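Enquirer: Dropping the sequence and predicted coords here.
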Amino acid sequence: MAMLETIQSFYNGFYLEKPLGNNAFSYDQRMTCKLYVPPLYSGSPANLETGTEVVFSEFDEGNEFNKSGLQAFIYYRLADKHVFIFDNHNHAFFFWIAAWQHGVFPPGLPLLHVDQHTDMREPESWFDEKRLEKEGLAYAFRYTNETLNVGNFIQPALKLGLFSRVDIVDSTVSFAKTYQAPYALDIDVDIFSDDMAYIPAAEKLVKIRGYISAAKMITIATSPYFIDQERAIEKIHEMLQPEQ
């Protein structure tokens, strides 16, 4: 089965109803106790739309914050590059595993992680390569959605050997550095959030477009809890379809 068809057999639109993965955050305090994970379609940035379902919910300082994400995740071919666009960032792990198994990139590349956050927390349990060999992508799918969350999906990929290291781009200093290709590129659009406004958006766009041109594979998260989704979609258009 082709990679896209394989992924779509898992990402066909479903709900997280148990207090696992992203749904574990403040689960006992929230009124909203299920989160939606959209289906994945083949398309382009032009097909990105905001959704209406709650994909992330958190209780903070006495208030419940429910955030909608994308109507659908998008798989996009940008020349020879495989691009996955989705909302909550932990889904990158499943797409990395699927792409690796389908020969999109060799294991051991560096990961270039452009994000407001490092996302380097450790999960409660580590990914088991033996279970992947035995159970296939079904295991990776469960692990991504039931064990991982938006802050702990990189360490398991490093421990598995998918990537040799992670270079985190989250500051003026790190944007000023040069990163040697080839690498896998992981972008969180919250790099354009108000909290990151101290780095001019135009400068970030120039750098990110350069990273995109040198990447072997690209994952892009719209992070509904940290940036307005209309704004996130606008920035993705600017990153992937720059004016000539």
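Expert: Sure thing, it's come through.

Enquirer: wait, isn't Phe14 in contact with Pro38?
Expert: No - when contacts are counted by Cβ atoms under 8 Å, Phe14 is not listed as touching Pro38 (9.0 Å). In short, each C-beta sits where N, CA and C put it, glycine included.

Enquirer: Give me the distance from stretch 220-230 to the chain's centre.
Expert: Distance of stretch 220-230 from its chain centroid, counting by Cα atoms, centre = their mean, to the nearest Å, is 10 Å.

Enquirer: Which positions in that stretch come out as buried?
Expert: For stretch 220-230, a neighbour-count test (16 or more other Cβ atoms under 10 Å) marks Ile220, Ala221, Thr222, Ser223, Pro224, Tyr225, Phe226, Ile227, Asp228, Gln229 as buried.

Enquirer: hmm, back to that, more neighbours: Phe14 and Pro38, which one.
Expert: Ranked by neighbour count (other Cβ atoms under 10 Å), Phe14 and Pro38 place Pro38 first, with 22 against 13.

Enquirer: Where does the more buried one sit: helix, strand or coil?
Expert: Following DSSP: H, G, I helix; E, B strand; the rest coil, Pro38 is assigned to strand.

Enquirer: Name the nearest residue to it, ignoring sequence neighbours.
Expert: Spatial nearest neighbour of Pro38, chain neighbours left out: Ala72 (4.9 Å); criterion: Cβ to Cβ, 6 or more residues apart in numbering.

Enquirer: what about the one you found, neighbour count?
Expert: Ala72, neighbours per other Cβ under 10 Å, totals 19.

Enquirer: Filter the buried residues of stretch 220-230 down to the ones in strands?
Expert: Ile220, Ala221 (DSSP state E).

Enquirer: Return the member of the buried residues of stretch 220-230 nearest to Gln241.
Expert: Ile220 (12.9 Å; Cβ to Cβ).

Enquirer: Counting only helices, which of the buried residues of stretch 220-230 make the cut?
Expert: Gln229 (DSSP state H).

Enquirer: Mind putting the buried residues of stretch 220-230 into TSV with pLDDT and distance to His91?
Expert: Listed next are the buried residues of stretch 220-230 as TSV, based on pLDDT from 0 to 100; distance: Cβ to Cβ, whole Å:
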residue	pLDDT	distance to His91
Ile220	98	11
Ala221	98	8
Thr222	98	11
Ser223	98	11
Pro224	98	12
Tyr225	96	14
Phe226	97	15
Ile227	97	16
Asp228	97	20
Gln229	97	15
